[in-house]
Structures are given as structure tokens and as C-alpha cells.
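Chemist: heads up, no residue letters with this:
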């Protein structure tokens, strides 16, 4: 199962877009082209962690081209998310079967509308409300059970991986550890607890420790006086057998350092890995049926080779896994390992709004796709982020053309133009394929 199509109308910088989607999708585009707004549109439909007050939008959330959202009965923000392949799994079929669209039983649709909810002309934001429904029919409400088992989780670009890993309540490691401990026999936990308690008591009886304790207790008593004495004593973590899971920590470098001491990139890699493991565990525990993971700008934390390794692995994953990835990126390294049919390119067209060009339905032969995929090294994948592309024959022209342009007073980087070599004279696969026309 996966999202097969997303339609957005009148939302922020989208006047109207209709985007075919693949199992995994990589959203590419310049700043302010709409990638984050696209993710937020999906959240309005699917993210159960989004509070109701955040789903009640503001007039400023309407597309800028709508001069007066209150005029002629009021405008509406419309978001439709289509799913296919749900019939292959009994659990997802049970979730979505009631929301199939009338003209195609293989497609299920969940929709969001923010529209006037009053008699007569709307006059303020208070006259608007939202509704979430299925199958293209506003009378078919989507129960909370469906949205809780069809999960969208967003890893934001400025996430604090170190904090999330260090905080036991928020750590994705917590449910995995607690599940493992739940399968340990009680007798084993009691035995371990007794051993830890004995070691702790021996530690607290060491002369150096008891001396330090007495010194600190004396200082606290002298400063605060008897009336405010807090009767401080050294102790160890709880050895209650039922709470042993709380003292287990994840270490790195062979156990010599805590995860909080890891580099920012390593911490983010660990967080992503643990969260993927947590989603898998939740599905195994029958808490979820399908997971959509949206990762915003992962290149902020990963070096180029690691970007390619991580996402080439994730993008080539098992297509039958009940999980989809949606990644927003400015990284040519990630774009270079992304299968063609997973790329969605966003373009800002100013006053006419942003557009989204999906390659999910790109009509190329197998050989053409393989040629183009092999062509897209990290440097050449820059064409996806360019406002213009100049193809040249070889590396000499690739080096000289920017210099010629500069001599004539043109800065190609400032213009958003990329020069790419095709390493030959056959330009047909790159220009004649239609790929360049699409982007």
C-alpha cells in the first residue's frame, strides 16, 4: 500500500496541484517552493499528533491569489490523499474499504476541507471550520481508529536528536527495551536486581564515599540550619525489578561513551534507525497497520557519503513493507541515489503559485531510465535544483562555459543555471526523453 496521489487546492502557495506519488517520494525544489507546505497538507489529513486547533486554519493559509476568501459564499482549502494497494493486506483493507472512491474501487481517499460553516456570507475566521472525510463523500467521516492505525510521523529538519535520545520518555528506544524486559522471567530480574543492590551497598560503604557524604551533609546543615536540613544521602538508581528497564542506556564506541556524546550526525543516524525499529515494533504489536515517515532535510546532519548510503538503502527497501518514506531535500547526493519514479520537483512560479512535477508516471523505457539513472552523479543531480540547465559535450566545456558567462557579466549560480556534461555528443537521452521538459 502507498499514497498514489495528492491533490491540494487553495492552500498557501498552492493554487492547485495534482501529484502522482510512488511508494517512496523525494520532494526536491528551491527554498519557498512548497515542500514543507506539502508535508503540512498531509499532516492536516493524516497526523493524529496534530491538535484540533492546528487543523483550524487561518485566512492567511489560503492561497495568496484569493483576494477575498469571504467573497461569494467563501472559498475552501481542499486536500485529497489517495491510497492504492490496500486490498492486499486484510488490516489495511479493513481500514480503507469504506472510503473507496465511486469510480474506482482500487482507490481509497481521505480528504480534508476547511470551508465556511455558517449561514450566509462568512465574515471572519470563526465562520470557517474543517472536516475530514473519506471516499469523496462528506457524510462518510473517518473514525479516529483509522487515523491512529494509518500513521504519519514527521521528523523535522531542526529536530534535537541528542535530546530525544537522552530523554527516556521520548526516546524511541524505550518501547523496544520495555518490550524486551517484559519477556524476561521474573526470577531473572529479581536475581539481577539483588546483584545490583549488593554492588550499590558496597559502593556506598567505601570510606571515600562516606567521608564525602558526611562533608556535604555538614555543609548543607551549616548553610540552611536544622530547620531547613534536607537530610541528603548518597544512593543508587532504583533496583526494583520492575524498573530495571529504566536504567539501561545505549552507548557508543564499544560502550565507552553515552549516545549523548555522539556527533550530531551519529545521533541523528541513531535516532532515525531507532525510530524505524520502533515503527516496525508497533506494527508487530498491532498498534499500527501502515506508517508514513516524512523526513525533512536529512542532509543537515549527514555527510555526503552517509547521505547516499542511508537513502540508497532505504529507497531500495522491500516494496511489500507496510511503510513509506517522504523526504524533502536540497541535497544532490540524495537526489543522485533516488530512483526516478520517486522524485517530485517543486517550482515556484510567483503570483501563479507553486507547481509540483512528479516523475512517478514518467513514460520512459527501461534502458532509458537506466541510462539517466547512471548519468545522475551527485554533481549532475544538481539539475533538479536548477532554474535552467545547459548541456555540454565534455569536461572542458563544463569548466569553460561558466568562465565565458562570467566574462560577459553573467553569474550562472546567481541565475540558478547548471552546466552539465553528457560525456559525448548524444544529447537525445537527456533532452529528447522529456525529462528536462518536465523539470
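Modeler: Received it, and whenever you're ready, just let me know what you need. Quick caveat: nothing in here was measured; it's all calculated off a predicted structure. Numbering: from 1, shown residues only.

Chemist: what separates stretch 136-151 from the chain centre, distance-wise?
Modeler: In this view, stretch 136-151 has its centroid 21 Å away from the chain centroid, taken as Cα atoms, centre = their mean, to the nearest Å.

Chemist: can you list the residues that contact stretch 57-67?
Modeler: Outside of stretch 57-67, the residues that reach it under the criterion Cβ atoms under 8 Å, 6 or more residues apart in numbering are 10-15, 44, 69, 75, 77, 114, 125, 128, 130, 351-353. C-beta: built from backbone N, CA, C; applies to glycine.

Chemist: Select from those residues every entry located in strands.
Modeler: With strands defined by DSSP state E, the entries of these inside them are 10, 11, 14, 15, 77, 114, 128, 130.

Chemist: in stretch 187-202, what counts as buried?
Modeler: Taking 16 or more other Cβ atoms under 10 Å as the neighbour-count basis, stretch 187-202 is seen to contain the buried residues 189, 193, 196.

Chemist: Repeat that for stretch 248-268.
Modeler: Neighbour-count burial for stretch 248-268, with 16+ other Cβ under 10 Å as criterion, is recorded at 250, 252, 259, 262, 265, 266, 267, 268.

Chemist: ok so, going back, just give me the closest of the buried residues of stretch 187-202 to residue 346.
Modeler: Each of the buried residues of stretch 187-202 was checked against residue 346 using Cβ to Cβ; the closest is residue 189, at 52.6 Å.

Chemist: Torsion angles phi and psi at the nearest residue to the closest one once chain neighbours are set aside?
Modeler: Among residues not flanking residue 189 along the chain, residue 241 sits closest, at 3.9 Å (Cβ to Cβ, 6 or more residues apart in numbering). When read as degrees, to the nearest 10, the backbone of residue 241 gives phi -50, psi -30.

Chemist: count of residues packed around residue 241?
Modeler: In terms of burial, residue 241 registers 19 neighbours under the definition other Cβ atoms under 10 Å.

Chemist: same thing with residue 42?
Modeler: Residues contacting residue 42 under the criterion other Cβ under 10 Å number 20.

Chemist: Look up how far residue 189 lies from it.
Modeler: Between residue 42 and residue 189 the distance, using Cβ to Cβ, to the nearest Å, works out to 42 Å.

Chemist: Model confidence for residue 186, exactly?
Modeler: For residue 186, the pLDDT comes out at 88.

Chemist: Contact partners for the closest residue to it other than its chain neighbours?
Modeler: Distances taken as Cβ to Cβ, 6+ apart place residue 241 nearest to residue 186, at 6.9 Å, with adjacent residues excluded. Contact analysis of residue 241 by Cβ under 8 Å, 6+ apart lists 186, 189, 190, 192, 193.

Chemist: show me where pLDDT drops low in the stretch 101-250 of the chain?
Modeler: Counting by pLDDT under 70, the stretch 101-250 of the chain contains low-confidence ranges at 158-160, 162, 238.

Chemist: As a check, name the ranges of all helices in it.
Modeler: Taking DSSP state H, counting those that start in this stretch to define them, one finds helices in the stretch 101-250 of the chain at 144-149, 161-166, 173-182, 186-204, 207-224.
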